[in-house]
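K.L.:
what would the 3D arrangement of this be:
(one chain, ligands or ions: 2)
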Amino acid sequence: AAAGAAVVPAALNAQSGATSPVTKGKEKATFVSLARNVDLWSLVESIRQVEDRFNKNFHYDWVFLNDGDFDDEFKRVTTALVSGTTHYGKIEPEQWGFPDWIDKEKAAKVREEMRENKIIYGDSISYRHMCRYESGFFFRHPLLADFEWYWRVEPGIRIYCDIEQDLFTWMRENNKKYSFTVSLPEYKETIMTLWDTTKAFMKEYPQYIDENNMMDFISDDGGETYNGCHFWSNFEIASLSFWRSDAYLKYFEYLDKAGGFFYERWGDAPVHSIAAALFLPRDQIHFFEDVGYYHVPFHNCPADEKVRLAKNCVCNPNEDFTWRGYSCVPKYYKVNDLKRPNGWENYT
Ligand code: GDP
Ligand code: MN
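P.N.:
Ligands and ions are numbered 1, 2, ... in the order given. You can find the predicted model right below:
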C-alpha cells in the first residue's frame with residue numbers, strides 16, 4: 001500500500017482535489033498512530049479531520065504501528081484517506097512484553113488490587129505495554145528513523161479548527177521541542193513511586209537537568225513532591241531527537257528497571273512530561289492555544305471568538321477545559337509569565 005501511494009502524487013488523487021498544486025510539507029515530519037485493527041473506524045474519523053484541517057495542504061506521511069499485523073482493510077482504508085505516504089510497522093515482541101527483570105506474579109497481584117480499587121486500566125496488561133512502548137520505544141522504530149518530528153494521533157479525537165500553518169515548521173523555526181493541547185493532573189494511584197524514582201535519577205545524573213527547566217510546573221514545593229501536572233500525550237507534536245537524547249534514554253532505562261510500568265501503571269504522559277519539564281529549557285515547551293482539540297473527555301476550544309471565527313472552529317467554548325479549575329494550563333501560563341488569550345475568563 002505504501003509503495004503505491006509513493007508513486008501517485010497525493011494531490012492528484014481524486015479525494016484530495018485535483019486542482020490543488022503539489023506542495024509537499026518540507027519538514028522531516030510524520031504523523032504516527034499506534035493502533036489495532038479494531039481501532040480502524042475510530043481512527044478513520046481522526047485521520048479525516050487531521051487531513052481536512054491540516055494535512056490536505058502539506059501531505060505529510062503517516063506511520064501506523066501495531067503489536068499485531070495490520071490487515072488489508074486497515075491498510076486500504078487508511079492509505080486512501082491519508083494524502084501523504086502511509087507506512088505500516090509491527091512492534092518487536094521484546095518491546096511489547098514483560099522484560100526479564102519483572103516479577104510477573106508481583107505484577108499480577110498489582111493488577112488484581114487495581115481492579116478491586118477500580119483504577120482506570122489498572123487491571124490491563126496491554127495498556128501497560130502500550131504505555132511502556134509510547135514511553136520508551138516508538139521513536140526507535142525503524143519506520144521513524146528518517147524523521148525528526150512527529151505528530152501523534154489517536155483514534156476518536158477531534159480537530160476543531162483550521163490549521164493553515166505548517167506546525168512542524170513552526171516548531172523548528174521557534175526552537176520548540178515539545179508541544180501540547182491539554183494538561184491536567186495524573187491519578188496519583190497509578191504513579192505512586194514515579195517521583196521518588198525520578199528524584200533518585202536526578203541525584204545520580206544531575207548533568208541532564210537543564211538549568212532553565214520547568215520544575216515549577218510539575219512541583220509546587222521546589223521538587224520535593226510531584227503535583228501530577230502532565231501534558232496529555234494523546235496529542236503531541238514533538239522532536240524525535242529529544243526522545244533519542246542521552247538524557248531521555250537514560251531516564252527511560254532507569255524507570256524501566258525500576259519496574260513501575262508493571263508494578264504500578266505509569267503512563268507515557270507523565271513520563272514524557274516530567275522528562276520535558278526537567279531536561280528541556282522551559283521555552284522549548286509549547287502550548288498550542290489555537291489548535292482546537294478533543295480527546296474524551298476534555299475539549300480545548302480557543303477562548304477568543306476572533307480566533308474561532310477566523311479558523312472556522314466548530315467547538316462550543318462553554319465546553320472548553322483549558323481554564324477550568326482542574327486544568328494545569330493556568331499553572332503553565334503562570335510559571336511562564338504568559339499572557340492569557342482574550343476571553344479566557346468567560347470559560348472558567
Ligand atoms: P487512553 O487514551 O489512555 O484511553 O488509551 P487508548 O485506548 O486511546 O490507547 C492509547 C493509544 O494506544 C491509542 O492510539 C490506541 O489505539 C493504542 N493502543 C492501546 N492499546 C493497544 C494495543 O493493545 N495494541 C495496539 N496496537 N495499540 C493499542
Ligand atoms: Mn486515547
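K.L.:
which stretches of the protein form strands?
P.N.:
For the chain, the strands defined by DSSP state E occupy 29-34, 61-66, 86-90, 149-152, 158-159, 178-180, 183-185, 229-231, 236-239, 285-287, 293-295, 298-300.
K.L.:
can you list the strands that the shortest one pairs with?
P.N.:
Translated: strand 158-159. strand 293-295 (antiparallel) (DSSP bridges).
K.L.:
re the thing from before, mind checking the strands of the chain for the one nearest to ligand 2?
P.N.:
strand 293-295 (5.7 Å; C-beta to the ion). All C-beta spots, glycine's among them, are computed from the backbone N, C-alpha and C.
K.L.:
contact partners of the closest one?
P.N.:
With C-beta atoms under 8 Å, 6 or more residues apart in numbering as the test, strand 293-295 has contacts from 154, 156-160, 181-182, 232, 234-235, 299-300, 315.
K.L.:
most widely separated two among the residues you listed?
P.N.:
Spanning the widest gap among the contacts of strand 293-295 are E154 and C315, at 17.6 Å by C-beta to C-beta.
K.L.:
where in the chain is pLDDT low?
P.N.:
Applying pLDDT under 70 to the chain flags the ranges 1-23.
K.L.:
what are the ranges of the helices in it?
P.N.:
2-7, 40-53, 72-81, 104-116, 125-136, 167-173, 194-204, 215-218, 240-243, 246-258, 260-263, 268-279, 305-310, 329-335 (DSSP state H).
K.L.:
related to what we said a few turns ago, now rank the contacts of strand 293-295 by neighbours and give me the top one.
P.N.:
N300 (30 neighbours; other C-beta atoms under 10 Å).
K.L.:
wait, does stretch 179-194 contact ligand 1?
P.N.:
No - using C-beta under 6 Å from any ligand atom, stretch 179-194 never reaches ligand 1; the gap is at least 10.8 Å.
K.L.:
please save the CA atoms from that stretch in CSV.
P.N.:
Only the C-alpha atoms of stretch 179-194 are listed here, as CSV (Å, rounded to 0.1, in the frame of the first residue of the first chain):
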residue,chain,number,x,y,z
SER,A,179,4.0,20.8,22.4
PHE,A,180,0.6,20.0,23.9
THR,A,181,-3.1,21.0,23.8
VAL,A,182,-4.4,19.7,27.1
SER,A,183,-2.8,19.4,30.6
LEU,A,184,-4.2,18.1,33.9
PRO,A,185,-3.0,16.1,37.0
GLU,A,186,-2.4,12.4,36.7
TYR,A,187,-4.2,9.9,39.0
LYS,A,188,-1.9,9.5,42.0
GLU,A,189,-2.7,5.8,42.4
THR,A,190,-1.1,5.0,39.1
ILE,A,191,2.3,6.7,39.8
MET,A,192,2.9,6.1,43.5
THR,A,193,6.7,5.9,43.2
LEU,A,194,7.3,7.7,39.9
